[in-house]
Structure formats: C-alpha cells, structure tokens
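1. Build the 3D model from these lines:
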Amino acid sequence: MTQLNPWIGKSISIAPMLKVTTPHYLKLLSILSKHIQLYSEMTIARSIIENTHVPCFALEPVQNTVALQLAGNNPSELHKAVSIANRQPSYNEYNLNVGCPSKRAGAGLFGVALMEHPQTVALCLRAMKDATHRKVSLKCRLGINVDDNGQSLRKLIDAVLKLNACDTLILHSRIAITKFKPKDNWTIPPLNYETTFKIKQEYPELPVIINGGISSLQQAQNYIHKVDGIMIGRAFENQPALVSLVDKTLHPQIHSTINIPDAVSQYLKYAEHVISSQPHTHPHGLFLPLMHLFHNQKNARSWRIAVGNALKKQNSSLQDSLNEIKKALEERKHLPLSLSENFSHAKREHQHPSPVTTPPDSLKPSTPAKP
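-> Got it, this is the predicted structure:
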C-alpha cells in the first residue's frame, strides 16, 4: 500500500528574523527552494509611511509566496503601510508581529506587548485587510508573562475572528517573559506544543502554523498532521543549505534537489546585477547569506574565510569581493556535499527544552536583563 504524503496541503516557512531575513537572504532561499514560504524581517509600519527605512522593498519578484511582516499598534498607520506595500508586486501576504519580546517593542507597545490588548490587535488586522486583497496573518506567542494554558490567546483569537480579520495564525509555541532579553525568550520559556495543537482543534477553520524549537524537517514531520504548516527559523539560519530539501519534502515526486554550488552560482549572478544597479550596496548584507551554506562540509572553514574577507571589503571593492567568492566556489565544486539534518554542532544553534509547560515563576534568565 502506498503511504500517503503527510505534507499534502501543508506549508514550510522561514521565520521572520531581524537582520537575517533580508531581501538578499530571501533571494538565496528562493534559489534553494521554489516552495518555501518567505517572511521578511520585521518592518515598522510608520517607517514605510515616512519612507525612512524600507529595505524589504528591494526584494526581487520570486516564485515563492512572500510575506511582509509589519509592526505597529495604530490601525490607520497599518492601513497606510499596507496600501503603500500593495504597489510592490513581491508580496502575497502581510503579517502582523504580535510576538517580538524586545524592550523596544514593549516601549512602543507593539510586538508581544499587544497580546494584552486583543481589541487593538483585531482592529489593526482588520485595517490591514481593508487595505488589500492579499492574505493577512498574525504571528504571536502563547501568552505573555503568565502561562494561563492559552486563555489569553483564546481571547485574542476570538477578538480577531469576530472581525474576520485574519487568514492564518502563526504560533510561536512559548509564552514571552517581558523581563527577559530577546535571546532568552527564544530558549528559556518552555515549548508547549500541546497548547498549539489544542488551538488548532478548537478553531479548525483557522489555518495554524507551528513555530518554535523545530530544528529539522524530520522533527517537523512528527507535528505536521496536527497543524497546517511548519515555520523554522534558527535551524535554517544556521544551515541554509537544508532549505534545498523543502521542495522534495513537500513534493516527493521531485527526484532531485538543487546542487548547492549551482545555487551559489545563481546567487552570484544576482549579486552581479545588484552591484551594477546599486553600486553603493554594502557588501556585508549582500554576501553574509552565503556564510554558512557549506556548514558541516569538508573545507567549510576556507569557505567562511573567503566570505568573511568579502564582508570586510569597502563598497568600492564589491567586484573584488565577488571575484574572491567565485574563486572559493571553484575550489569547492569538486568536493562531495552531504546534507544532514543534524544541527547539534551548528555554530549558533540553541538547545531547546522539551515541549512541556513549566510554571513561569520557575523561569530564570541566563543573564539578568539590564534595568
């Protein structure tokens, strides 16, 4: 008997990560996979309106579904930001960040701080939907400061659904502790996948994407039958070559994955176009996405050194940086490449606790946050 593919109708996404999921990084991922869903780094709605800092709009049109993640608490501003973003052909979805635990987000009353204001979240999402025909999604935590078994989350969902304001819910399966640093909030609050699964059971018509602590596609397969999609962040950041396995996971009839050196060659052609059209591009942002592509592979260190040297070049030496990376790529083309979903030695990987719930008063940050 032929075994049914558990991924039919499901999705795999890259989590939005500040200073990581930049337009250049998303371009690389779109080369590695045609079916991974892409999320931009968080962009403040007001910055789009004032046109002060909108790097996300540099994204080239790609085949993938691409979401622009917005932060804000003013429905009017979010409506305007989405209206402006609609002029860009790149985006298929707008996502509201109600999960960022940074002090800056808390001070500005956006990110996870909004979980305490469900009506405001609902009005913000409704305003975004009124500005577009594209999808609107919400990304949030299971709660804030207190583990109440998802009760505050349910109030938030009910408020949002009452206004028919959300097409997809993305749940980072931890609460957030506002006194913790963002890095501690990635790892210390325990994972609680069961609450995410219960939310999906209670709201069956609402697509639910699970996020948090998922370090491989193999691990994700244990959960995919209980939700509508999987979102992976740090694991793909640490070893982006594994994104090349996404298409075959979602569509087993695809018999091969892209050759990583070929993917790099495609990206370098893109980099040449960027250099010629935007000569003041900073090399750090353009070449950093390539740094960990050969993680855990033979001679990976020499590749990192070549990319690292390219990052240090001045803008006037962009072509020199490109040539240095091309030379390093030629030296790698004859080397075997073995992709493994073992993240235990990933340079920036965090050890995730078991997906169980622990009372919040037992949680302590690894380093006390500054007052």
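2. going forward, measure contacts and count neighbours with C-alpha atoms only.
-> Noted.
3. so where's the stretch 1-150 of the chain uncertain?
-> Scanning the stretch 1-150 of the chain with the threshold set as pLDDT under 70 gives 1-3, 52-59.
4. Going along the chain, name the strands of the stretch 101-250 of the chain.
-> In the stretch 101-250 of the chain, strands defined by DSSP state E, counting those that start in this stretch lie at 135-144, 168-176, 208-211, 229-232, listed in chain order.
5. Output those in JSON lines, with mean neighbour count and distance to residue 51 appended to each entry.
-> Shown next, in JSON lines, are the strands of the stretch 101-250 of the chain (neighbours: other Cα atoms under 10 Å; distance: least, Cα to Cα, whole Å):
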{"stretch": "strand 135-144", "mean neighbour count": "24", "distance to residue 51": "22"}
{"stretch": "strand 168-176", "mean neighbour count": "26", "distance to residue 51": "28"}
{"stretch": "strand 208-211", "mean neighbour count": "26", "distance to residue 51": "31"}
{"stretch": "strand 229-232", "mean neighbour count": "23", "distance to residue 51": "29"}
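6. Tell me which of those lies nearest to residue 65.
-> Residue 65 lies closest, by Cα to Cα, to one member of the strands of the stretch 101-250 of the chain: strand 135-144, at 10.5 Å.
7. Given the closest one, what are its sheet partners and their directions?
-> Applying DSSP bridges, strand 135-144 is found paired with strand 93-98 (parallel), strand 168-176 (parallel).
8. what's in contact with the first one?
-> It stands for strand 93-98. Strand 93-98 is contacted by residues 42, 65-72, 82, 110-115, 125, 128, 134-141 when judged by Cα atoms under 8 Å, 6 or more residues apart in numbering.
9. Would you confirm that residue 39 contacts residue 64?
-> No - counting by Cα atoms under 8 Å, residue 39 does not reach residue 64; the two are 10.3 Å apart.
10. Those two: who's more crowded?
-> It is residue 39, of residue 39 and residue 64, that has more neighbours when counted by other Cα atoms under 10 Å, with 26 against 20.
11. Any idea what that one is bridged to?
-> On the basis of DSSP bridges, residue 39 is bridged to residue 67.
12. ok, now how distant is the residue nearest to residue 260 when sequence neighbours are not counted from residue 277?
-> Nearest residue to residue 260, sequence neighbours excluded (Cα to Cα, 6 or more residues apart in numbering): residue 241, at 6.9 Å. Look at residue 241 and residue 277: by Cα to Cα, to the nearest Å, they are 27 Å apart.
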